[in-house]
Each structure stands twice: as C-alpha cells, then as structure tokens.
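Participant: build me a model from this:
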Amino acid sequence: MTQHEFVIIGAGVSGLAAAQQLKKHGIRPLVLEARNRIGGRVLTDRSHGVVDFGAQYIHGTQAVTWEIVRDHHISIQEWFNETNPTTQHTHLFALDGQWLTDDKADKHGLGARMGEWCNHPTEQPANDISFDTYYRALVSTKTLAEVNDPAFILAQVRNERIEAADLTRLSAYHTFHERNISTSGWGNFKVPNGYDAIVNALAQDVDIWLNSPILQIDWDVNGAILHLPKAKIWARRIILTLPLSLLQLGVPAFNPPLPAAKVQAIQALAMGHVCKLVLWFKLAFWRDFTFLSTNGVIASWWPVLSSNLPTLMGYSGGPRAIQLSGLGTAAAIEQGLYELSQLFGDDVREQFSAGHLQDWSTDPWARGAYSYTPIGAGNAREHLAKNVENTLFFAGEAANINGHHATIHGAIERGRQAADEARQTG
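Facilitator: This next block holds a predicted model:
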C-alpha cells in the first residue's frame, strides 16, 4: 500500500487546479483519474480540425481562467458579447422551423427583448419557486401580444439551455441570486487552438495516474484508504472533484457512509444535461452568422471557425438534451439535418459530410453536464463544500458557492479553495 499526504480524485480542471495550488506551497499531491485521459468534461477533437466536444468558452472578462491564459500565453478570441456594442456578431432567430427577423442590435430588437425576458427580474422572487411557476405568474401580468412574442418563447428555451435544467425544477429564487452574486463579468471568449490548452497548462508537472477509478473509500479522522481495482492507497487528506452525478449514485462507496447532512446536500442539488451535436459539411451553405437561437430539439447553432471543414455546432440543454440523447447518435444527426434543412433548404443534406453526438449524460464518468439549483435545495452548495472530519474535502463546480458553479472558472476556483482548506488543516 502506497502512502501520500494528499490525494486528489479527478483530473478535470478542478482537480488539476487543486494540484497546482498545493504545488505553490511545496506539496506534491497524487491525482487519480478514472478515464484514460485528463480533462474531465473538457474534450477537444481534432479529427477535422479543432472542435471542443465539452467546455468551449471562457465566460466573462473577470473569470479566473484568464490568469491561466496570461501565464501560459494561450491564444484567445472574443466570440459573442451582446453587452458590447463594438463586438461584431450576427444573432439569428427561428421559431417552429421558420426564420424570424434578425436582431438589428437596437434596444427593441428580438435579441434585446429575449435578454430582458431571460434576466428579468432584477430582484429575485420572494419565494423559492420554479422558473416554470415564475414564468406562469409573469404571463398573467402581460398582454396577449407580449406572451406571444417570440422573444418570450425563446427566452424560456435559452434559460433551459444555459442552466441545462428542467424549468419545472430549476429554482428561480436561487438562480437569480446566483446570477446577481457572480463576479465573472460578461462576454464569451473562445480558445481557437482548443480548450485542452487550459487543461494541459494546469497539468504541467503534476503526478497523475490514469485508468485509476476509486471503488471505495474507507475513512476516519486520521485519513483514508482508497480502494482501486488493483491497488490500495493511504492518504491523510482527500480532495474529491467528482461530478455531482457520481456522488448521487454512490460512486465511490464510502465506509462508513458520509454524514447525513452531506448526503442530503448531494441529493438536494440537480445534475443538468447537455448534448452537443457536431455536423461537418463539404461546403458552407449558410451566410455568416455568430449564433442561431431556435425552439427545436437542437436549441442553438453556431459555426465552429477553428475546424478545417465547414462545421456547425448544435447545442441542447435540459429536457431537449434528454430528448436528443434518447434518439441515439444516428437519429440525432438526422434530427439536426432535418431542423437545419427547414431553414437552409436542400443544401444541408447535399453538403453533409459527417456528424458526432457528444452526450455527456451517457458518459460513465460524467453522467451529466453541470449542476443547477432546484427548488427546495436551500443551502445545499454550502453544505456540499464543507469538509468531513478534516479528511474529505469537496471540490468541483457543484461545490462552488459564489455563483460560478456550472462553469470552468467556478471549478478552478473551488479546486484552489479546497486545496487551501486541506493544506491549512495540517
């Protein structure tokens, strides 16, 4: 049995950020990763040029990710920033397979109205109600014309997509609070050479064991024994960066079981669902655009400019992602071609070359995309983030408590925080 003072479970960005944070203080942890690769829900494909099947953008000008970008001289480009009037972008809209007027960037444009519906209210609801309930109450105060505004319909799809959530479960109270306390800023920025550049930067000079799933953790106040398929490891402190979904499934097993308050917090939160549908074409049949919002099964599309072939990325979150996942790869690709053909005509099928469905909900080591806060969750994130007996420390995006969960920068922040907490208990 090998012995280590610090072991980190998971070589996604949170685990790697925790490792780098410990290294700053002269501590070399061991990182254990179940997959045969690092990165977790960051996955860059280069079969037809650079396409990110997982995390793809830096969200906000103040995201902690920028520290890594600057330190490692990673190339970044601004992609889509509706709050910056100098940014050149074209946001297109379609409803029920029919084109709508594109946004002309004036204050009454469709995009602006959709943003108002998405971000309304400026103050969170007084009670813990679902987004669906919130919207139903809002509708009762509006005219028929306002309710039939395509912006209202697309705003609901957008919230579903962004939060990867079922709006009948998503807490409006907590979601607006989380948005209000976020300090990451606005704007979206792409990594043209692939998001794995950030992962690789975080992994530099870190001891990582791949293909090392943890089956069980025997723990007490003095440390823990980690049971791997062919080895055992003793560690004084464990930093767990596993996705919320695996903890909810009881992976790994804990002996003794985690405290009831910890289990309750884990089960109180919800894991959101995302599917990304990548379609490669022989020739680009579309006019230049930055983003397309729809209410189809695939809720949004955008061109992937870093690919060698003309490429469209389709993205669905929440119930639409579950619906797309249920189709399977071949039928999901057919669904994407059908929805694009409604808008762009026969050129879609004539120019189609290949497709890929990245279904994070069926990935055995993800079981979903990222967490959201459902009604009734209360302070579950705060309870999830608390350590257990100074032995088990919890990181990952779901344990972020400053409004940055569901993001790469939130996972990085929480990884660093957990590392400091673990180090300071020594």
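
Participant: can you name the next helix or strand after the helix or strand of the chain with the lowest mean pLDDT?
Facilitator: Comparing every helix and strand of the chain by mean pLDDT, DSSP states H and E singles out helix 144-147 as the least confident one, with a mean of 72. Elements were assigned by DSSP states H and E; along the chain past helix 144-147, the next helix or strand is helix 150-163.

Participant: quick one: distance of the biggest helix by length in the chain to the chain centre.
Facilitator: Using DSSP state H to define each element, the chain has its longest helix at helix 319-344. A distance of 21 Å separates the C-alpha centroid of helix 319-344 from that of its chain, computed with Cα atoms, centre = their mean, to the nearest Å.

Participant: next secondary structure after it?
Facilitator: Beyond helix 319-344 in the direction of the C-terminus, DSSP H and E gives the next helix or strand as helix 347-351.

Participant: same for that following helix, what does it pack against?
Facilitator: With contacts defined as 3 or more Cβ pairs under 8 Å, 6 or more residues apart in numbering; DSSP states H and E, helix 347-351 has these neighbours: helix 319-344. C-betas here are computed from N, CA, C, even on glycine.

Participant: identify each buried residue in the helix it packs on, please.
Facilitator: Taking 16 or more other Cβ atoms under 10 Å as the basis for neighbour counts, the residues of helix 319-344 that come out buried are 320-325, 327, 332-333, 335-337, 339-340, 342-344.

Participant: swap in stretch 179-195?
Facilitator: 182, 184, 187-191, 194-195.

Participant: now do the helix or strand where H356 lies: distance to the chain's middle.
Facilitator: Secondary structure from DSSP H and E places H356 in strand 352-359. With Cα atoms, centre = their mean as the basis, strand 352-359 stands 20 Å off its chain's centre.

Participant: identify all contacting residues around the helix or strand just after it.
Facilitator: Past strand 352-359, further along toward the C-terminus, the next helix or strand under DSSP H and E is strand 371-372. In this structure, residues lying in contact with strand 371-372 by Cβ atoms under 8 Å, 6 or more residues apart in numbering are 163-165, 170, 175, 244, 269-272, 397-398, 405-406.

Participant: what about those residues, which one has the most neighbours?
Facilitator: Highest neighbour count within the contacts of strand 371-372, by other Cβ atoms under 10 Å: A398, with 32 neighbours.

Participant: so that residue makes contact with H404?
Facilitator: No: look at A398 against H404 with Cβ atoms under 8 Å: they stay out of range, at 11.2 Å.

Participant: mind checking the SS state of the spatially closest residue to L226 that is not a sequence neighbour?
Facilitator: The shortest distance from L226 to any residue that is not its chain neighbour, by Cβ to Cβ, 6 or more residues apart in numbering, is 4.5 Å, and that residue is I233. The three-state label given to I233 by DSSP: H, G, I helix; E, B strand; the rest coil is strand.

Participant: give me every residue that touches I233.
Facilitator: By Cβ under 8 Å, 6+ apart, the contact list for I233 reads 1-4, 7, 30, 32, 225-226.

Participant: list buried residues within those residues.
Facilitator: Of the members of those, the ones counted as buried by neighbours, 16+ other Cβ under 10 Å, are 4, 7, 30, 32, 225-226.

Participant: mind putting the residues you listed into CSV with pLDDT, distance to S300 and secondary structure?
Facilitator: Formatted as CSV, the entries for these read as follows, by pLDDT from 0 to 100; distance: Cβ to Cβ, whole Å; DSSP: H, G, I helix; E, B strand; the rest coil:
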residue, pLDDT, distance to S300, secondary structure
H4, 96, 44, strand
V7, 98, 39, strand
L30, 98, 40, strand
L32, 98, 36, strand
I225, 98, 46, strand
L226, 98, 41, strand
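
Participant: backbone torsions only: list them for D207.
Facilitator: For D207, the backbone dihedrals are phi -80, psi 110 (criterion: degrees, to the nearest 10).

Participant: quick one: low-confidence ranges for the stretch 301-426 of the chain?
Facilitator: Counting by pLDDT under 70, the ranges of the stretch 301-426 of the chain that qualify are 426.

Participant: before we move on, back to that, need the buried ones among the contacts of I233 in TSV (columns: distance to T143).
Facilitator: Compiled in TSV, the buried ones among the contacts of I233 are given as follows (distance: Cβ to Cβ, whole Å):
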residue	distance to T143
H4	64
V7	59
L30	62
L32	58
I225	64
L226	60
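
Participant: nearest to E350 among those residues?
Facilitator: Ranking those by separation from E350, with Cβ to Cβ as the measure, puts L32 on top at 48.2 Å.

Participant: so for N81, what's the pLDDT?
Facilitator: At N81 the predicted local confidence, pLDDT, stands at 62.

Participant: ok, the one 4 residues further on next?
Facilitator: At P85, the predicted lDDT confidence score is 52.
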